[in-house]
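> Quick one, fold the following:
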Amino acid sequence: MPASPELQQELDRIASIVVDRSLMIHKKLGPGLLESAYLRILAYELRKSGLIVRTEVEVPLVWDGVEMGTAYRADLIVNDILVLELKATEQHSDLFARQLRTYLVALDRRLGLVINFGAKLLKGHVERVANDF
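Prediction:
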């Protein structure tokens with residue numbers, strides 16, 4: 001089922017703010033910090049922008065209808081609708097998007113962004129990942 005126009009508009013608005021703040025952070029700090037540093041700084045900047053941010057959110061593992069406990073942690077969830085997976089590595093991997101898609105399915109969310117702060121240039125290293133249900 002496609003997102004309602006209102007939800008899609010809100011997702012796009014929030015994603016735009018996230019990308020803008022991420023570019024600003026990367027421009028000021030560049031690559032080289034630990035992922036945890038970028039996570040804390042981005043969460044701070046997003047909150048300054050008026051967004052609601054949860055960090056290191058537990059993602060349950062469900063098998064055969066039974067919750068098996070926490071299997072993963074999503075780096076950031078913004079306004080309870082956009083899931084962010086942050087990386088700080090020089091090498092890109094398709095695994096990043098697959099990991100985020102797993103989180104989207106488990107959390108029943110529609111859209112996420114993989115942001116790799118380890119790249120020399122952040123532009124081109126922000127990937128949208130959709131859960132098409």
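> remind me which residues of the chain are low pLDDT?
Flagging of the chain using pLDDT under 70 yields the residue ranges 1-2, 133.
> residue ranges for the helices of it, please.
Under the criterion DSSP state H, the chain contains helices at 5-29, 35-48, 94-107.
> Looking at those helices, which is nearest to Leu84?
With Cβ to Cβ as the criterion, Leu84 lies closest to helix 5-29 of the helices of the chain, at 6.6 Å. C-beta here means a position set from N, CA and C on the backbone, and glycine is covered the same way.
> for the helices of the chain, which one sits closest to His125?
helix 5-29 (8.9 Å).
> quick one: contacts of the closest one?
Helix 5-29 is contacted from outside by 2-3, 38, 41-42, 45-46, 49, 51, 78-79, 81-82, 84, 110-111, 113, 115, 117, 122-123, 126, 128, using Cβ atoms under 8 Å, 6 or more residues apart in numbering.
> Looking at these, which are in strands?
Counted as lying in strands by DSSP state E, out of the contacts of helix 5-29, are Val78, Leu82, Leu84, Leu111, Leu113, Ile115, Val126, Arg128.
> what separates the fourth one from Leu29, distance-wise?
Which is Leu111. Using Cβ to Cβ, to the nearest Å, Leu111 is found at 26 Å from Leu29.
> So between those two, which is more surrounded?
Leu111 (20 against 13; other Cβ atoms under 10 Å).
> wait, doesn't the more buried one sit right on Leu82?
Yes - Leu111 lies in contact with Leu82 (Cβ atoms under 8 Å); the separation is 5.8 Å.
> give me phi/psi at the residue sitting furthest away from the middle of the chain?
Ranked by distance from the centre of the chain (Cα atoms, centre = their mean), the top residue is Asp64, with 26.9 Å. With angles defined as degrees, to the nearest 10, Asp64 sits at phi 60, psi 40.
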